[in-house]
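**Student:** Predicted model, plus sequence, below.
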Amino acid sequence: LASDGVADRITTTNPEHWSAAELALGRNLGSRGEATIDGAGTRLELSGHETLLRIGQGGGEARVSLTGGATIALTSVKEAERSAYYTGANVFVGRDAGSEGVLTISGPGTVFGIDGTDPGMDIGRRGAYGLVEIRDGGLLSLTGGTAGTVLNVNLGDPLARGATETFSYGSGTMIVAGRGSRVVLDAAPDVNVTSLNLGRYGSGRLTIEDGGVGSLAERSGVGIASTEGSYGALVVRGEGSLLSAGGFVAAGVMRSDSDSPLFETLLPWTRPASGGTAQILVEDGGRSAAPELFLNGAALLEGDGTIEGIVRNLGGIVDPGKGIGELLVSGDYWQSGAGVLRLDLSAAASDMLRVTGAAQFDAGVIDLDVVSPVGLPASIVIARAAGGIVLAPGVQVRDLPTGYRLELTEGGTSLVVTNSGTTQTD
C-alpha cells in the first residue's frame, strides 16, 4: 500500500447513492493485517461520503506503521444521511472483543490526517485493545466538522446502539513522545463538541512526554474516567511536554458535578451518578493548560509540574510533589465538597501547593502525612497563594502533628503548620 512515493487512493464520489471508502486490516477472528506506509511523498488517501479505516476488528489483529514523512489522509463530504451508524471520517484502532490494533506515526513530516464531516477516532472499543504511538515528530490531526456535529477521540469505549445492548469495555492507549510530536484536535468554529475522552466507559491512558504536545481547540474538553467503573489516566512528563485544552479538563466528574456552562455543552451524553477512577500526573517540567480543571470522586492530581488555569477540587485529591515536592497552579485553587489537599511533611523537606492567584478552601480536608516526625521544623509552609488564602471554619485538618497548629501568615498569603511549643517526639 502506498509505497515508493506513490499515492494510492480509495475513493467514492457518486452523489446518487450512499457510498463509502473503507480500508480494513485484520478484520475477522484469527486474521492479521499489516500495512507500512513510508517515505516523503508517499500518500494513502481515503475519501467519500463515509470514510472508514479499521485497524483490528472482529477478533482480528492489525498494525499500521506510518513513517519517514509519509501521509495518510481521510476526508469526507457531507451528503444526505444515508448510514444508520456512521457519517464522516472515522478511524477505529482495535474494535470488537478480542481484537487488537496498533497505529504508529513517527518521524518529522509524517502526518495522519482526518478531516471532514464528523471526524473521529476510537482507540480500544467494545472489548478491544488499541494503541496509537506518535513519536519523533509525527503528527495526528483531526480537523473540520460542520454545525451540530462532533469531533472526538475516545480511548477505551463501548459501542451502544440501544438501551438494551450489553456494554463490552475496551482499553485504549495513546503515547505522544519527543519534541515535534503532536496530536491536534482543531474543529470548525460551529462544531457542537470537541472532546478527548480517556476511559469514557472502559480504560484509557494518554502519555505526553519528552517534549510532546497535545492541543485541543478553543471550545474543547478532556474527560478522564467520566462514567462509573471506568479508568482514565493523563500523564504529562518532561520539559516542553504540554496538554492544552481550550475549555476544561475533567477527572472523575459528571455534568451534575459542575456548574460550568461549557462543561454542560461538551459532555451532554453522560448522566451517571458518579465518575470512575482518574489520575492526572504532571511531573518533571510537564504542563497541563486549560481554563478550568475539575476533580471529583476517585480522582487524583499529583506531581511537581504546572497546572495552568483554575483548579476546582470538588471531591478529588490533590497531592503535590513527586514523593516530596511542589505543585504549581498558575491560576486559582478552589476546594469544596469532599475535596482533599494531601501533603507529606518531613524533617528534610515537605510538600507545598503554590498558587499564583487566590486559594479558597470552602470545605473538605487538609490531610497531613508526617513521613518523618522526629526533627520537624518549627514552621512548615504547606501552601502559598499570591492572591491570598481563605480558610473556612468547616475545613478539617487531619493528622496535625502533636504540638502544632495551622495558621495563616504573611498577610494571609501563606498557610503554615507551626509548632506551638510542644516538642515533637516519636
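**Tutor:** That came through, no problem.

**Student:** which stretches of the stretch 1-150 of the chain form strands?
**Tutor:** Under the criterion DSSP state E, counting those that start in this stretch, the stretch 1-150 of the chain contains strands at 7-11, 20-25, 32-38, 43-48, 50-57, 61-67, 71-76, 88-95, 100-106, 111-116, 120-125, 129-135, 139-144, 150-157.

**Student:** low-scoring pLDDT stretches of the stretch 51-200 of the chain, where are they?
**Tutor:** 78-87, 146-150, 158-168, 190-193 (pLDDT under 70).

**Student:** returning to that earlier point: and residue 370, which of the strands of the stretch 1-150 of the chain is closest to it?
**Tutor:** Closest of these to residue 370 is strand 150-157, at 37.6 Å (criterion: CB to CB). All C-beta spots, glycine's among them, are computed from the backbone N, C-alpha and C.

**Student:** relative to strand 120-125, how tilted is that closest one?
**Tutor:** With axes from the mean of the first three to the mean of the last three CA atoms, to 10 degrees defining the directions, strand 150-157 sits at 10 degrees from strand 120-125.

**Student:** and the next helix or strand after strand 150-157, what does it pack onto?
**Tutor:** Per DSSP states H and E, the first helix or strand lying C-terminal to strand 150-157 is strand 171-177. Under the contact definition 3 or more CB pairs under 8 Å, 6 or more residues apart in numbering; DSSP states H and E, strand 171-177 sits against strand 120-125, strand 129-135, strand 150-157, strand 182-187, strand 203-209.

**Student:** out of those, which comes closest to residue 21?
**Tutor:** Closest approach to residue 21 among the helices and strands packed on strand 171-177 (CB to CB): strand 120-125, 15.6 Å.

**Student:** Next, the angle from that closest one to strand 129-135.
**Tutor:** Going by the same axes, to 10 degrees, strand 120-125 makes 120 degrees with strand 129-135.

**Student:** Report the buried residues of strand 120-125.
**Tutor:** 120-125 (16 or more other CB atoms under 10 Å).

**Student:** hang on, the earlier thing: which of the helices and strands packed on strand 171-177 sits closest to residue 320?
**Tutor:** Judging the helices and strands packed on strand 171-177 by CB to CB, what sits closest to residue 320 is strand 203-209, at 20.1 Å.

**Student:** C-terminal to that closest one, what's the next element?
**Tutor:** Counting by DSSP H and E, the next helix or strand C-terminal to strand 203-209 is strand 213-216.

**Student:** Pull the residues that contact that following strand.
**Tutor:** For strand 213-216, the surrounding residues in contact (CB atoms under 8 Å, 6 or more residues apart in numbering) are 176, 181-186, 194, 196, 206, 208, 222, 240-247.

**Student:** switch to 6 Å and redo it
**Tutor:** The contact list for strand 213-216 (CB atoms under 6 Å, 6 or more residues apart in numbering) reads 176, 182-185, 208, 242-246.

**Student:** now stretch 336-347
**Tutor:** Contacts of stretch 336-347 (CB under 6 Å, 6+ apart): 313-315, 317-319, 324, 351, 362-372, 375-376, 380, 382.

**Student:** Using neighbour counts, trim the residues you listed to the buried set.
**Tutor:** 313-315, 317-319, 324, 351, 363-368, 370, 376, 380, 382.

**Student:** I'd like to know which of those residues are part of strands.
**Tutor:** 313, 317-319, 365-368, 370, 380, 382 (DSSP state E).

**Student:** Pull the most distant pair out of these.
**Tutor:** Comparing all pairs in those by CB to CB, the longest separation belongs to 313 and 370, at 22.2 Å.

**Student:** ranking the helices and strands packed on strand 171-177 by burial, who's on top?
**Tutor:** Highest mean neighbour count among the helices and strands packed on strand 171-177 (mean count of other CB atoms under 10 Å): strand 120-125, with a mean of 29.

**Student:** picking that back up, for the strands of the stretch 1-150 of the chain, give me JSON lines that also has distance to residue 253.
**Tutor:** As requested, the strands of the stretch 1-150 of the chain are exported to JSON lines (distance: least, CB to CB, whole Å):
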{"stretch": "strand 7-11", "distance to residue 253": "40"}
{"stretch": "strand 20-25", "distance to residue 253": "36"}
{"stretch": "strand 32-38", "distance to residue 253": "38"}
{"stretch": "strand 43-48", "distance to residue 253": "36"}
{"stretch": "strand 50-57", "distance to residue 253": "31"}
{"stretch": "strand 61-67", "distance to residue 253": "34"}
{"stretch": "strand 71-76", "distance to residue 253": "32"}
{"stretch": "strand 88-95", "distance to residue 253": "26"}
{"stretch": "strand 100-106", "distance to residue 253": "29"}
{"stretch": "strand 111-116", "distance to residue 253": "27"}
{"stretch": "strand 120-125", "distance to residue 253": "22"}
{"stretch": "strand 129-135", "distance to residue 253": "24"}
{"stretch": "strand 139-144", "distance to residue 253": "23"}
{"stretch": "strand 150-157", "distance to residue 253": "17"}
